[in-house]
Each structure stands twice: as structure tokens, then as C-alpha cells.
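A.B. asks: sequence first, predicted model second:
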Amino acid sequence: RLAKAALVALEAAEEALGEDLRVETAWEADDAASEDVAVAAPPGPSGRGPLSRAEYAHGKKAPQIAWVVARLAAWGRPVGRVLDVGGGRGDLAVAIARRFPGAAVTSVDRTAASVAAGEAARDARGLSNLRFVVADLAAPDDVAALECDVVVALHACGGLTDLALAVARSKGAACLVVPCCFRSHPHLRAKGDPVLDALCETNRRDVALRAMRCVNSRRCLQFADAKLLAMDAAWTPRNLVIECAGGNKL
């Protein structure tokens, strides 16, 4: 049962945003082939309901990766320097490097073990256009050392979405960011809203969707041309995507 005060706060946030409240546009890729996506799937339960890690990786995560790659292709221009923020084991970065052999792809993560796994996946596929870096992008010096034209992030939990957007803004880069788990990493957010963040994760889909629109619309305000897209909710209930194809900041 949702607290009345939380719903009142949601209505107030929607009213405050007014015309800046964005409604997502569903987008389906004609050429998003998830079977071509290689996803690391260690044995064991996924922690995401009854699915095993392999079932989640191939049935849920792989289609999301294929969607992001197809969306980058749909921009209709050469893909140059791509920075994958919080890239983990490199599933997304590997897919981008394979699809765009002329691109220079960098995957950044704070965890050395994840980066090592990504390097192994890269080497197994012979990808010379992909590098992995252990870095903390909350540190200004680490950000300054990286160059990019496009910032991507998949399953950017909580404040990691805000960090990815901040990096894109600082570089004047385009971005394609898929938020997740809105209450995680609050220290990475300049200004969060705990009430709305909690509503984003409620099991009430109608309420969660409204809250996600509010939180992500606020995030979009820092860019001149940002919009919300939607991938298939069957893959993930956190299915809204922040896109700023032009890289324009206000």
C-alpha cells in the first residue's frame, strides 16, 4: 500500500515540471539481434526473481544490449569515441566494438576484477578497438584523462546515471543512458528525491512509471535536446532511456 503523502509528492512533482515533464517514446529496432550479443553469465541464481544468471543474461540483458547498439546505429552517423560508464565485465562495450569496428570504445569501471573479465572477453574476440580502464569517474582527474564523443551506460544504478550524464555534459558528448535501481549510490547525486526514487521501484507499474518520468525528466533538463525513450518492459521494468543524441548542453 502506497502512502498518501508519497502520491501527493508525486502529483506535486508532475505539476512543478509542467511542460518539462517528458513522456517516453517507444522505439523498436528492426535489426536488434540479441542472439549476436555475448553476455557473461556465471553459474547460479541471478538475484532477479526465479531466473538463473544465464536465463537473465540471455533473455533479459542481451536484448537490452542489442537495443542500445541498434539505437546508436539509428543515429545515422559514424560512431567515434565511445565511453561506457560503469561498464563492468564489458558486455555492452564488447557489443558496441563488434558492431562499430571503426569506433574507439573505452569501458570504465571501479572494480579491477570486472575490468579483467572484460579484457579477457575482448581478447577472446580479437577486438583491437576496445580498451578497459579501472577508474573512478567521480574523481575529476579520472574524468579529465578520458576523451569521448558518446557516453553510454546500461543498468546505471541510482546515482551512476547522474554520474554518466555529468560526464557527458562535461565532455559535450552525446549520451544514451539506461537508469536502474533509483535508490543506489546516492552519494553520486547532487540532489536526489528519496520519495520519488522509492516510488520508481514500487510494484505498482502505473505509479512507478509516473515517478520514473519525473526523475528522468529532471535529469533531462541539463541538456537542450534530451528525451526519454522506452525499450520493451518485458526485459526490464526500469525501461526508460535517457537520450541526448546531439550532445547539446544548456
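C.D. replies: Great, that's in hand.

A.B. asks: helix or strand with the lowest mean pLDDT in the chain?
C.D. replies: Counting by mean pLDDT, DSSP states H and E, the weakest-scoring helix or strand in the chain turns out to be helix 53-56, with a mean of 78.

A.B. asks: that one: which residues count as buried?
C.D. replies: R53, Y56 (16 or more other CB atoms under 10 Å). Bear in mind the C-beta positions are built from the backbone N, C-alpha and C, glycine included.

A.B. asks: check which helix or strand covers the most centrally placed residue in the chain.
C.D. replies: Residue closest to the mean C-alpha point of the chain, counted by CA atoms, centre = their mean, is V178 at 2.6 Å. Element membership for V178 (DSSP states H and E) is strand 174-180.

A.B. asks: could you point out which element follows that strand?
C.D. replies: Once strand 174-180 ends, the next helix or strand along the chain (criterion: DSSP H and E) is helix 194-200.

A.B. asks: check which element follows that following helix along the chain.
C.D. replies: Past helix 194-200, further along toward the C-terminus, the next helix or strand under DSSP H and E is helix 205-220.

A.B. asks: give me the distance from that following helix to the chain's centre.
C.D. replies: What separates the centre of helix 205-220 from the centre of its chain is 15 Å, taken as CA atoms, centre = their mean, to the nearest Å.

A.B. asks: contacting residues for R110?
C.D. replies: Contacts for R110 were tallied using CB atoms under 8 Å, 6 or more residues apart in numbering; they are V134, A135, D136.

A.B. asks: make it 10 Å
C.D. replies: The neighbours of R110, taking CB atoms under 10 Å, 6 or more residues apart in numbering as the test, are G86, G88, V134, A135, D136, L137, A138, A139, D142.

A.B. asks: which residue packs closest to the fourth one, ignoring adjacent ones?
C.D. replies: Taking CB to CB, 6 or more residues apart in numbering, and ignoring the residues beside it in sequence, A135 has D142 as its nearest neighbour in space, at 4.1 Å.

A.B. asks: quick one: that neighbour and D109 touch, right?
C.D. replies: No: with contacts counted by CB atoms under 10 Å, D142 stays clear of D109, the gap being 11.5 Å.

A.B. asks: more crowded one of these two?
C.D. replies: Between D142 and D109, counted using other CB atoms under 10 Å, D109 has the larger neighbour count: 24 against 16.
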